[in-house]
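Undergrad: model this:
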Amino acid sequence: MQNLLLLIVLAPLAAAALAGLFGRLIGRAGAHTVTILGVAVAFAGSATVLYRMLYEGAPAFNEVIYTWLVSDGIRFEVGFLVDHLTALMMVVVTFVSLMVHVYTIGYMHDDDGYQRFFSYISLFTFAMLMLVMSNNFLQLFFGWEAVGLVSYLLIGFWYTRPTAIFANMKAFLVNRVGDFGFVLGIAAIVYYTGSLRYADAFAAAPEIAAQGFIPWAGASWNAMTVVCILLFIGAMGKSAQVPLHVWLPDSMEGPTPISALIHAATMVTAGIFMVARMSPLFELSPTARSFVLVIGATTALFMGFLGIIQNDIKRVVAYSTLSQLGYMTVALGVSAYSVAIFHLMTHAFFKALLFLAAGSVIIGMHHEQDMRKMGGLRRYMPITYWTSLIGSLALIGFPGFAGFYSKDSIIEAVHAALEGGKVSGAGYAYVCVVVGVFVTAFYSFRMIFMTFHGEERMDHHTKEHLHESPWVVTVPLVLLAIPSVVIGGWTMGPVLFGGYFGEAIRVLPANDVVAKLGEEWHGPLAFIVEGFTSPTLYIALAGVATAWYLYLKAPALPARIRAGAEPIYRLLENKYYFDWFNENVLAAGSRWFGNRFWTIGDQFVIDGALVNGSARTVGLLGALVRHLQSGLLYHYAFAMIIGLSALLAYILYRA
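TA: Residues are numbered from 1 along each chain as shown. Got it, this is the predicted structure:
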C-alpha cells in the first residue's frame, strides 16, 4: 500500500516538474501529455485504494513515511493516513483534476503560458493530495500552504493584468489572516499534547477539554473551544467563510479551469475536510460548533444574495460556491460531518461542471463574460446548454439529481438539531438554509435564462462565429454531468447511513443527527418521492419561476425593481461594504499606524535617539573632554594632585 500511495502523490509532482522545468524542450503537446498522464495515474491509484477498502476490506493505512527531524521530543514527519474519508477525497480531487487537465487543452490552446499553466495545476494536485492524505499537523500545514501558494500563482497567472495581480495578492493576504489562526491552533495542540500526530491529539482530546485557558486575569475559557475556533479560523480563510470570503469572487481573474479546480471542487473544500477530520476535537466543544454553525449559515444566505445581482457569468458561479460552502459548514456545525463531506463530493462534480460550462460559453463568446451580452445560446451550443442545465438542477436540489440528496440532507440535519436543541444557533441556521433554497434557484436559473434563452444580445461578429466548443471541452462536461445526476442516489445510503466513514468521523451519541435521518431512510427512490412532498422543492421551483418571469416574460421589470430598491441594490453591489471596510479601515489604518510607527520608531527612536543621538552624545563628551587637554604641564600636575588627594581621602574614609 505504501508504494501505491507514494505513486499517487509523486506522479503529479513529477509531471509538474517536467512541464515546468523542461516545458520549452518537450513543447505544448509534451506538457499536457505528461501532466495528464501524471494525474491519470493518481486517479487510477486513488480509485484502486477506494476499491480495495470497499470491496476487499483493506484496513486503513496510518504510517510514517519519513522523519524530517526530532526537536525536544516532537517528531516532524511525513506520513499518510488513508481511511475511507481520505480515499473519497483522493478520488474526488484526482477525478476533477483530470477533467480540468483535459479541458485546459481547449481553453488555453492559444495562451503563451500553456506549459506553465499545466505545471501549476499538476503541482496543485500534488499539494492537495498531500493535504488530504496527511496523518499529522505538520504535513497538513504544508499542504495547506502549498495549495495557497499555487492558488496565488494561478489567480495571477495573467500577470500583465493589474486586476489579476490585485486579486492574487488579495487572496494571499486574506488567507494569511486565516492561516495565522490555523497555526496558532496547531501550536495549541502541540502545547497540550507534545505531538503533531492526529492520533495523539484525538487520544488527548478529553484531557484538553477538561482544561481551562486563561487569556487574561479574571477570564477563563475552555481549552478545547480555543483550539477548535483557532483551527476553524484557518478554515474560514481557505473555505471562504464570512468575513474571510472576500478573496474568492476576485479570484475569477484567473483562467476558468482553475476556477473549477481550485475554487469549486478542491482547495476551498480543504477547510470542510479539515473540520470533519478534526471531529473528535469539535465534538467536545459545543461553543465552537455554534460558532461554526452561525458563520456557515450567514455565508450560505448572504453570499447567495450577492449572486442575484451579478452579470459576470463566472462570478454568479463563484458566489454560488460561497453559498454552498456555507451549507457544508452548517452541516459541520450540527455535527453532521458525514453530510458535509457528502455535499462536498456531490458539489465537486456539479460545480466543476458549471464552471467549465461557463468557460465553454466564454470560449464561444470570444471571451465575453457579461450575461447581458448573451442570450439564445441554446441553439448554438447544445452540449454546453444541456450540461449547464444538469449542473443547475443539481445545484438547486431538484429531486433525482446529486445535489438534491446532499442539500436536503443538510436541511433535514439542521431541522433535527433544532428540534433536539443540540446546538445554539440552529433556529437561525434553519431559516438561512431554507431561504437560501429560493435564492439559489433564482440566481442559478437567472444565469440559465440570461445566457441560453431569450433574445440574442451578442454583436453581429460574435453571432456569426458562434459554435459548440471542441471535444476537449465538451467531453469533460459530459463526464462531469453523469455523476452530477447519479452520484447522490448511488452513494447516499452507504455514505450517510451505512457506516462508510467508520472511525474516520466520530460523533457523540447525543449529537448524532444523522442517525435520526437514518431512521426515516428507505432508499433513494423513497427519498425522491418524499422530495416531491417537501416544501423545499416548491420553494426552489418558486425561485425558478421568479427568474423565468423576470428575465424571459417581463425583462423590463428587473430594472424597475432595482430603481425602487436602490439602497438594497447599492448594499449588494458594494458586497455589504466588506471590501470598503478592508481597504479604507483595515488597510488604511494599518498604513497610518505603519507611518506613525516609522516616524516615531525609526526617525525619533532609532535614527534620532540611538544613531544620531549617540553620535551627538559622543561629540558633546568629546568637546567637553577636549577642554581638559590644555597642553600646559602645571594643569596636568594640578589634576594629579587633586586626584591623589581624593584617593587618599577615600582610603582614609574607608579605614
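
Undergrad: how about the helices in the stretch 201-350 of the chain?
TA: Remark: helices assigned in the stretch 201-350 of the chain by DSSP state H, counting those that start in this stretch are 205-209, 223-238, 247-250, 256-260, 270-277, 279-282, 286-308, 313-333, 337-364.

Undergrad: indicate which one of those is closest to D370.
TA: Among those, the nearest to D370 by CB to CB is helix 313-333 (7.8 Å). Glycine gets a C-beta too; all of them are placed from N, C-alpha and C.

Undergrad: what's the angle from that closest one to helix 270-277?
TA: 10 degrees (axes from the mean of the first three to the mean of the last three CA atoms, to 10 degrees).

Undergrad: can I get the CA coordinates of helix 313-333 in PDB?
TA: Extracted in PDB, the C-alpha atoms of helix 313-333 (Å, rounded to 0.1, in the frame of the first residue of the first chain):
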ATOM      1  CA  ILE A 313     -21.200  34.500 -15.600                       C
ATOM      2  CA  LYS A 314     -18.200  33.300 -13.600                       C
ATOM      3  CA  ARG A 315     -19.000  35.500 -10.700                       C
ATOM      4  CA  VAL A 316     -22.500  34.000 -10.400                       C
ATOM      5  CA  VAL A 317     -21.000  30.600 -10.100                       C
ATOM      6  CA  ALA A 318     -18.400  32.000  -7.700                       C
ATOM      7  CA  TYR A 319     -21.000  33.400  -5.300                       C
ATOM      8  CA  SER A 320     -22.900  30.100  -5.600                       C
ATOM      9  CA  THR A 321     -19.700  28.400  -4.400                       C
ATOM     10  CA  LEU A 322     -19.500  30.700  -1.400                       C
ATOM     11  CA  SER A 323     -23.100  29.900  -0.600                       C
ATOM     12  CA  GLN A 324     -22.700  26.100  -0.900                       C
ATOM     13  CA  LEU A 325     -19.600  26.200   1.200                       C
ATOM     14  CA  GLY A 326     -21.800  27.800   3.800                       C
ATOM     15  CA  TYR A 327     -24.200  24.900   3.600                       C
ATOM     16  CA  MET A 328     -21.300  22.500   4.200                       C
ATOM     17  CA  THR A 329     -20.200  24.500   7.200                       C
ATOM     18  CA  VAL A 330     -23.700  24.500   8.600                       C
ATOM     19  CA  ALA A 331     -23.700  20.700   8.400                       C
ATOM     20  CA  LEU A 332     -20.400  20.700  10.300                       C
ATOM     21  CA  GLY A 333     -21.900  22.900  13.000                       C
END
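
Undergrad: same question for it, mean pLDDT?
TA: The pLDDT scores in helix 313-333 average 93.

Undergrad: list the buried residues of whatever helix or strand I411 lives in.
TA: Applying DSSP states H and E as the criterion places I411 in helix 402-420. Using 16 or more other CB atoms under 10 Å as the test for burial, helix 402-420 gives 402-418.

Undergrad: returning to what we had before: Throw the helices of the stretch 201-350 of the chain into CSV and include distance to A441 and mean neighbour count, thanks.
TA: Compiled in CSV, the helices of the stretch 201-350 of the chain are given as follows (distance: least, CB to CB, whole Å; neighbours: other CB atoms under 10 Å):
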stretch, distance to A441, mean neighbour count
helix 205-209, 40, 17
helix 223-238, 26, 25
helix 247-250, 20, 24
helix 256-260, 22, 28
helix 270-277, 23, 26
helix 279-282, 31, 24
helix 286-308, 10, 24
helix 313-333, 11, 28
helix 337-364, 14, 28
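
Undergrad: least reliable of those going by mean pLDDT?
TA: helix 256-260 (a mean of 77).

Undergrad: and of the helices of the stretch 201-350 of the chain, who's closest to A164?
TA: helix 247-250 (9.3 Å).

Undergrad: contacting residues around that closest one?
TA: Helix 247-250 has contacts (CB atoms under 8 Å, 6 or more residues apart in numbering) with 155, 166-167, 170-171, 174-175, 240, 263, 268, 306, 315, 318-319, 321-322, 575.

Undergrad: now with 10 Å, please.
TA: Helix 247-250 is touched from outside by 151, 155, 163-164, 166-175, 178, 237, 239-240, 259, 262-263, 267-268, 303, 306-307, 310, 312, 314-315, 318-319, 321-322, 325, 575, 579, with contacts defined as CB atoms under 10 Å, 6 or more residues apart in numbering.

Undergrad: returning to what we had before: which one of the helices of the stretch 201-350 of the chain lies nearest to L7?
TA: Set against L7 and scored by CB to CB, the helices of the stretch 201-350 of the chain come closest in helix 270-277, at 21.9 Å.

Undergrad: how far away is T321 from S406?
TA: 15 Å (CB to CB, to the nearest Å).

Undergrad: sheet-wise, list the partners of the lengthiest strand in the chain with their directions.
TA: When the chain is parsed with DSSP state E, its longest strand is strand 61-71. Taking DSSP bridges as the criterion, strand 61-71 forms sheet pairs with strand 74-82 (antiparallel).

Undergrad: quick one, which of the helices of the stretch 201-350 of the chain gets closest to E566.
TA: Among the helices of the stretch 201-350 of the chain, if distance is taken as CB to CB, the winner is helix 286-308, at 15.0 Å.

Undergrad: now do the closest one against helix 313-333, angle only.
TA: Counting by the same axes, to 10 degrees, helix 286-308 lies at 160 degrees to helix 313-333.

Undergrad: how big is the angle separating helix 286-308 from helix 402-420?
TA: If you take the same axes, to 10 degrees, helix 286-308 sits at 140 degrees to helix 402-420.

Undergrad: mean confidence (pLDDT) on the helix or strand where V625 lies, please.
TA: For V625, the enclosing helix or strand under DSSP H and E is helix 613-626. For helix 613-626, mean pLDDT is 79.

Undergrad: could you list the low-pLDDT ranges of this structure?
TA: Applying pLDDT under 70 to the chain flags the ranges 215-219, 263-265, 598-599, 601-603, 628, 655.

Undergrad: and if we set it to 80?
TA: By pLDDT under 80, the low-scoring segments of the chain are 213-220, 256, 258-266, 420-422, 586-587, 589-613, 622-636, 654-655.

Undergrad: please enumerate the strands of it.
TA: 61-71, 74-82, 212-213, 221-222.

Undergrad: now for the third one, which elements pack on it?
TA: Read that as strand 212-213. Here strand 212-213 touches strand 221-222, helix 223-238, going by 3 or more CB pairs under 10 Å, 6 or more residues apart in numbering; DSSP states H and E.

Undergrad: Throw these into TSV and include distance to M365, thanks.
TA: Formatted as TSV, the helices and strands packed on strand 212-213 follow (distance: least, CB to CB, whole Å):
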stretch	distance to M365
strand 221-222	54
helix 223-238	32
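
Undergrad: so which of these is nearest E519?
TA: helix 223-238 (28.7 Å).

Undergrad: which strands and helices sit next to the closest one?
TA: When contacts are defined as 3+ CB pairs under 10 Å, 6+ apart, helix 223-238 sits against helix 137-155, helix 162-193, helix 205-209, strand 212-213, helix 270-277, helix 279-282, helix 286-308, helix 313-333.
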